[in-house]
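**Student:** Based on what follows, work out the 3D shape:
(chains A and B)
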Amino acid sequence: MTEKTPILEVKNLWVKLPDEEDYILRGMDLTIYPGEVHALMGPNGSGKSTLAKVLAGHPGYEVVDGEILFKGENILEMEPDERARAGLFLAFQYPMEVPGVTIANFMRLAYQRRFDKEVKYGDFYKILLQHLKKLEMDASFAARPVNEGFSGGEKKRFEIVQLSLLEPQLAVLDETDSGLDIDALKVVSNGVNLMRSPERSFLVITHYQRILNYITPDYVHVMVEGRVVRSGDAELAQQLEEKGYDWIRGELAAANT
Amino acid sequence: MAEHDILNLDQDYVQKYGFYDSIEPVFQTERGLTRRVVEEISYQKSEPKWMRDFRLQAYEIFMAKPMPTWGPDLSRLNFDEIVYYIKPTERQGRTWDEVPEDIKRTFDRLGIPEWERKFLAGVGAQYDCLTADTVVFAEASAVPIAEIQPGQYVYSLDPETRRIIKQRVRGVMYKGKLPVFEVKVAGRTIKATYNHPFLAVVYQKEEGRHRGKFSVEWRYLSDLQTGDYIAIAKQLPDDGIPYRLPEIPLTKTYKGRNQFGEFTVQTDRLHTRQQTTLRIPEYSSEPLMWLIGAYLGDGYLRNKRKNAPKTIVEFAFPQSDDQGRARLAEAFQEVFGYTVRFEKDPYRVRIHSAPIARLFEALGLDAHAKTKNLPRWVFSLPRSQKLALIAGYIDADGTVRCSEKHNDILLTSVNRTLLEDIHRLALSCGLRVTHIWDLQSQMTYKGLTVQRTYHRLMITGDFEALVPYSVKVARGWLPRQYYQRYNSYRNGSPLDAYTSEHIGFAPIESITYLGVEDTYDIEVEGVHNFIAEGIVVHNSEVVYHSLAKQWEEKGVIFVDTDTAVREYPDIVQEYFGTVIPPNDNKFAALNSAVWSGGSFVYVPAGVHVDIPLQAYFRINAKNAGQFERTLIIAEEGAFVHYVEGCTAPVYAEEALHSAVVEIIVKPGARVRYTTIQNWSRDVYNLVTKRAVAYRDAVMEWVDGNIGSRVTQKYPSVYLMEPGARGEILSVAFAGDGQHQDTGGKVIHAAPYTSSRITSKSISKGTGRASYRGLVQVLEGAHHSKCNVECDALLLDEDAKTDTYPYIEINEKEVTIGHEARVSKVSEEQLFYLQSRGLKKDEALTLIVSGFIEPLAKSLPMEYAVELNRLIELEMEGSVG
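**Tutor:** Sure, this is the predicted structure:
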């Protein structure tokens, strides 16, 4: 495994909002190799979602120090669309509504950009239906405006449809489990598991251990105050579930004194 | 976008599309507005007194009315700087190349949906096209339609004399990729769209009559079927002239070197000792054309050594063909003064002469069997020379079969293009030629089996015309009793009244769908048809006229308003200024005083005009005003859709467009008025549009405002009687520095009337879009229903939007809904779309198109497409 190039390397990343003094990410480090599934856990405000957005290139954050290497290349200067076309995918915690734009139109454009080829509307429609079916979404969604009037569960499922359609090399799932009932969680997890392959890596960001029952991670990292403080295997997630984040905080405090 | 388009805009276009497009005015008023200017305008138009009085009264009102103090900033508008009237020039023949880019774009915008509509809806209308490779018989050439130039002359049918004449091409238009059909008739093949008209024989038998009647009419391809008789050109008039050959010097310069240095020697003794009489002719002649034909059939240029210039013309005439060889020698002697010496080679005859070889080269004939082609100038020759060429080709490479059983000539070649050209040449000479067909042959050579494809055509019928020129034909010719002359119908009835030596009719052999191809159409002056691939076809102009004729017969009037004042004074006077009187507002008064142009449309009771009437307005000169006046009257139960587009080139100074549109929708009638306004960014666009709708009538305004500096326009509907309905759809796009102050007005003046106003605006950069609307329910208009919806989208921080919805209700039992929304494109929304791989401008365009989608959905398909395209164009380069 280790002789391969990491698919993602986050090195000493310091990030803040442009107008603020306090850093959200404070020397974040993370390395993911092809085929691995990493879970990133942490209490609210620990900077998990910020990491996800910074990875995808959100323009609202300021990267003050550090690097993000995607497939060995620094992507900090790249626009979000360039990163997407390179094979990085972010499943949003709060997917945006785009009124009047159908899923079919939107996804066709995205598909054409990701794979850099033209695809006829009719051909694409068939492809889209297959992916909708995988996530147990009705074919009628193809003609519905993007996320408009969707339930929370439908929005999350549609994120995974996109993931499945765009075949990224690294998928970052930002709290995809939040707001999902148990049935939806199974469907979504199943969708993700179908996508697992030796070439594809996942970074599953979550507050709860629950989703990790369905998507088994190779590594679990715990993030507190903008950096990873503890890494381990799936066992670590179990411990967290039982003992809560205060346990980690306590340990940290103990180590610092 | 319109790189293929070549199009003339001239007076006929004024008639056709209502274009107002002239650069050199023959008369214009002085700047500023005075009573004298108004009188001058009326005088120039030779108007009746009532119109002059109307103008002068309006002038007084205009002067008296103050500038409106509400709405957009009009302080930069200087009435004294404007030229109020420019009389259009009579000059003709401006080409598309001279047309400013913005006009082309708008023309495109207006043009595209027109054919797309046909394409999507499958109904015929004024556009008809042929594929790009369609060969048109033009003067001095036979040219693919795509290469025809305006001003060139092409062969056309004069329906009066039934003769083929030469007519000037006014314009060539690229029509886009369209589905095309292959039509085969009398050995001719043409590829055309389903709505391309052909001249067809129509046989109609009235019931109870023993015999029917023939007539000849233009019919769309879609209305024709296999077996129907259509007009073909039997031959072109013999009006060609000999071709002037390129000059070939008989001298040669030798370079040498001696002890003094390099020297040159010129000699006129280039030719060999034996060929002292050698000459190169100045013009083409029959024997020369025979030689060229023979050469095309089986000749080559050769050199003595590798890399040496080609000095040998070689013909494959075998020894056994002594008559052919004799003709060859005769021709060389006659044309070039060259004496052919037959060598021992039993198959070939060689001409050793550098000048002759150079002439053949200069004529573009240096090619091998597969790449030879017929020079285009051959089509400009006298018929005798064309026949001589065909004869030469036959003598070198043809098989003449004249017997009891056969009476034809077979031409076989690996070179399909060459054969197609020979085919066209033969047709132009009046020979009867079959279609070209393919044959496969297998050859075994040194143990290798090679499969080859040959192409073959057959000259049949009466080819006696070739006898004087071709040795093979002369040898075998057997005249027959009867030949197909394309002069009779399938039942044998003679069509003498419609045919001539030039024109005949033949049954369609097949119509096959081919797929989508690039298509073109040309416009021909006068007769509006041309000969393409030997078939008589229409151009678009006449189709328009024939449609116009169809409406005319039903009493529809569609003319410019100036003409209407002259030709339909009673009806114009009855309605003019009744919907929008001059004292309605300052700009209506201005228009009433100085108006010029615009459209007058009258649709009689019960008539449905199912093709949109299009008009197009344009500001021509700096500081000029455009004050068109449109009046539409739809009688009871009538239907009409009117579409207008507007543009102006960019001038640095302010220009003013102030139109008035009055519409009267009688009981049960329906009128839809669509505007795509794309004025340049220095135009003040202050327009008053109003319709009155009577019992159960429907008035729809579709108003797209994309251009101008300032637009003030609130299309309104007065609902006068129960059951009347008004719909206003308005979309405005305000870019940097633009202010679109738009909306709609509905007056419910009768009970049980309904209306809907939908407004969508987009503001970008420093643009500002305002919705200004009035809904008024008058006393007694109970059970009125009205719904107003306005949505605004802001693309930038600096962009502005505001809403001024006025509602006045003087009746209790009414249903009024009003909704207004403002949305912003958020960073998060853009980020979401970008994170899926969409570029930023694509993402923005997608959001905007999603925003106007509810409006686009309510438009007919073609306008929705157009709207989207306009928005895309506006969004182009909107990011960094």
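
**Student:** what residues does chain B put near chain A?
**Tutor:** By the rule C-beta under 8 Å from any C-beta of the partner chain, the part of chain B lying against chain A is B:823, B:826-829, B:831-840, B:842-843, B:846-847, B:849-854. Quick note: C-beta positions are derived from backbone N, CA and C, even for glycine.

**Student:** ranges for the helices of the stretch 101-250 of chain A?
**Tutor:** Applying DSSP state H, counting those that start in this stretch to the stretch 101-250 of chain A gives helices spanning A:103-115, A:121-134, A:152-166, A:182-195, A:234-243, A:245-256.

**Student:** Tell me which of the ones you listed lies nearest to chain B.
**Tutor:** For the helices of the stretch 101-250 of chain A, distance to chain B was read as C-beta to the nearest C-beta. The smallest value, 3.7 Å, belongs to helix A:103-115.

**Student:** C-alpha coordinates for the closest one, CSV please?
**Tutor:** Taking C-alpha atoms only, helix A:103-115 is exported to CSV below (Å, rounded to 0.1, in the frame of the first residue of the first chain):
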residue,chain,number,x,y,z
ILE,A,103,-31.4,17.4,-12.5
ALA,A,104,-31.0,15.9,-16.0
ASN,A,105,-29.7,19.2,-17.4
PHE,A,106,-27.4,19.9,-14.5
MET,A,107,-26.0,16.4,-14.3
ARG,A,108,-25.5,16.2,-18.0
LEU,A,109,-23.3,19.3,-17.9
ALA,A,110,-21.4,18.0,-15.0
TYR,A,111,-20.9,14.6,-16.6
GLN,A,112,-19.7,16.3,-19.8
ARG,A,113,-17.2,18.4,-17.9
ARG,A,114,-16.0,15.5,-15.7
PHE,A,115,-15.3,13.2,-18.5
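
**Student:** by contact count, what packs against that helix?
**Tutor:** helix A:80-86, helix A:121-134, strand A:145-146, helix A:152-166, helix B:840-858 (3 or more C-beta pairs under 8 Å, 6 or more residues apart in numbering or on different chains; DSSP states H and E).

**Student:** redo that, cut-off 7 Å
**Tutor:** Packing partners of helix A:103-115 (3 or more C-beta pairs under 7 Å, 6 or more residues apart in numbering or on different chains; DSSP states H and E): helix A:80-86, helix A:121-134, helix A:152-166, helix B:840-858.

**Student:** average pLDDT across the first one?
**Tutor:** When you say that, I think you mean helix A:80-86. Regarding helix A:80-86, the rounded mean pLDDT is 95.

**Student:** would TSV of the helices and strands packed on helix A:103-115 with distance to B:A605 and mean neighbour count be doable?
**Tutor:** Putting the helices and strands packed on helix A:103-115 into TSV (distance: least, C-beta to C-beta, whole Å; neighbours: other C-beta atoms under 10 Å in any protein chain shown) gives the following:
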stretch	distance to B:A605	mean neighbour count
helix A:80-86	58	22
helix A:121-134	44	15
helix A:152-166	54	22
helix B:840-858	28	20
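
**Student:** can you put those helices in CSV and add distance to B:L793?
**Tutor:** Putting the helices and strands packed on helix A:103-115 into CSV (distance: least, C-beta to C-beta, whole Å) gives the following:
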stretch, distance to B:L793
helix A:80-86, 22
helix A:121-134, 26
helix A:152-166, 22
helix B:840-858, 5
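
**Student:** Excluding covalently adjacent residues, which one is nearest to B:Q440?
**Tutor:** Distances taken as C-beta to C-beta, 6 or more residues apart in numbering or on different chains place B:T453 nearest to B:Q440, at 5.8 Å, with adjacent residues excluded.

**Student:** Was I right to think B:D133 contacts B:P144?
**Tutor:** Yes. At 5.3 Å, B:D133 and B:P144 qualify as touching, with contact defined as C-beta atoms under 7 Å.

**Student:** Compare the helices of the stretch 101-250 of chain A and report which one is nearest to A:S201.
**Tutor:** Closest approach to A:S201 among the helices of the stretch 101-250 of chain A (C-beta to C-beta): helix A:182-195, 10.6 Å.

**Student:** Can I get the closest one as CSV, trimmed to CA atoms?
**Tutor:** Below are the C-alpha coordinates for helix A:182-195, written out as CSV (Å, rounded to 0.1, in the frame of the first residue of the first chain):
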residue,chain,number,x,y,z
ILE,A,182,-32.2,4.5,9.3
ASP,A,183,-33.7,3.2,6.0
ALA,A,184,-32.2,6.2,4.1
LEU,A,185,-28.9,5.7,5.8
LYS,A,186,-28.8,2.1,4.6
VAL,A,187,-29.6,3.1,1.0
VAL,A,188,-27.0,5.9,1.1
SER,A,189,-24.3,3.6,2.7
ASN,A,190,-25.1,0.9,0.2
GLY,A,191,-24.6,3.4,-2.6
VAL,A,192,-21.2,4.4,-1.2
ASN,A,193,-20.1,0.8,-0.6
LEU,A,194,-20.9,0.0,-4.3
MET,A,195,-18.5,2.7,-5.2
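
**Student:** ok, residues contacting it?
**Tutor:** A:134-136, A:153, A:156-157, A:160, A:163-164, A:176-177, A:180, A:202, A:211, A:214-215 (C-beta atoms under 7 Å, 6 or more residues apart in numbering or on different chains).

**Student:** ok, the closest residue to chain B within the stretch 51-200 of chain A - contacts?
**Tutor:** Of all residues in the stretch 51-200 of chain A, A:G100 sits closest to chain B, at 3.1 Å by C-beta to the nearest C-beta. Residues near A:G100 by C-beta under 7 Å, 6+ apart: A:145, B:850-851, B:853-854.

**Student:** That one: helix or strand, and which one exactly?
**Tutor:** Following DSSP states H and E, one finds A:G100 within strand A:98-102.

**Student:** hang on, the earlier thing: distance of the residue nearest to B:Q440 relative to chain A?
**Tutor:** From B:T453 over to chain A the distance is 33 Å, taken as C-beta to the nearest C-beta, to the nearest Å.

**Student:** In this structure that residue contacts B:I436, no?
**Tutor:** No. Counting by C-beta under 7 Å, B:T453 stays clear of B:I436, with 11.7 Å between them.

**Student:** Have a look at these two and say which one is more surrounded.
**Tutor:** Between B:T453 and B:I436, counting by other C-beta atoms under 10 Å in any protein chain shown, B:I436 is the more crowded of the two (18 against 10).

**Student:** ok, now which ones touch that one?
**Tutor:** By C-beta under 7 Å, 6+ apart, B:I436 lies in contact with B:416, B:419-420, B:423, B:455-457.

**Student:** What strands line up against the strand holding A:G100, and which way round?
**Tutor:** According to DSSP bridges, strand A:98-102 forms sheet pairs with strand A:145-146 (antiparallel).

**Student:** residues in the stretch 101-250 of chain A within reach of chain B, list them.
**Tutor:** Contact residues, the stretch 101-250 of chain A versus chain B (C-beta under 7 Å from any C-beta of the partner chain): A:101, A:106, A:109-110, A:113-114, A:145, A:162, A:166.

**Student:** One more pass at 8 Å, please.
**Tutor:** Within the stretch 101-250 of chain A, the positions near chain B by C-beta under 8 Å from any C-beta are A:101, A:105-107, A:109-110, A:113-114, A:145, A:162, A:166.

**Student:** From those residues, which one has the minimum pLDDT?
**Tutor:** A:N105 (88).

**Student:** that older thread, would you mind giving the contacts of A:G100 as TSV with distance to A:A254 added?
**Tutor:** Shown next, in TSV, are those (distance: C-beta to C-beta, whole Å):
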residue	distance to A:A254
A:P145	52
B:G850	54
B:F851	56
B:E853	59
B:P854	61
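
**Student:** Count the neighbours of residue 183 for me.
**Tutor:** Just so you know, I chose chain A. Close neighbours of A:D183, defined as other C-beta under 10 Å, add up to 10.

**Student:** actually chain B
**Tutor:** Counted with other C-beta under 10 Å, the neighbours of B:V183 add up to 24.

**Student:** Touching, it and B:Y513? I think so.
**Tutor:** No. Applying C-beta atoms under 8 Å, one finds B:V183 not in contact with B:Y513, separated by 11.0 Å.

**Student:** and B:L224, how many neighbours?
**Tutor:** 20.

**Student:** per-residue pLDDT, it?
**Tutor:** 84.
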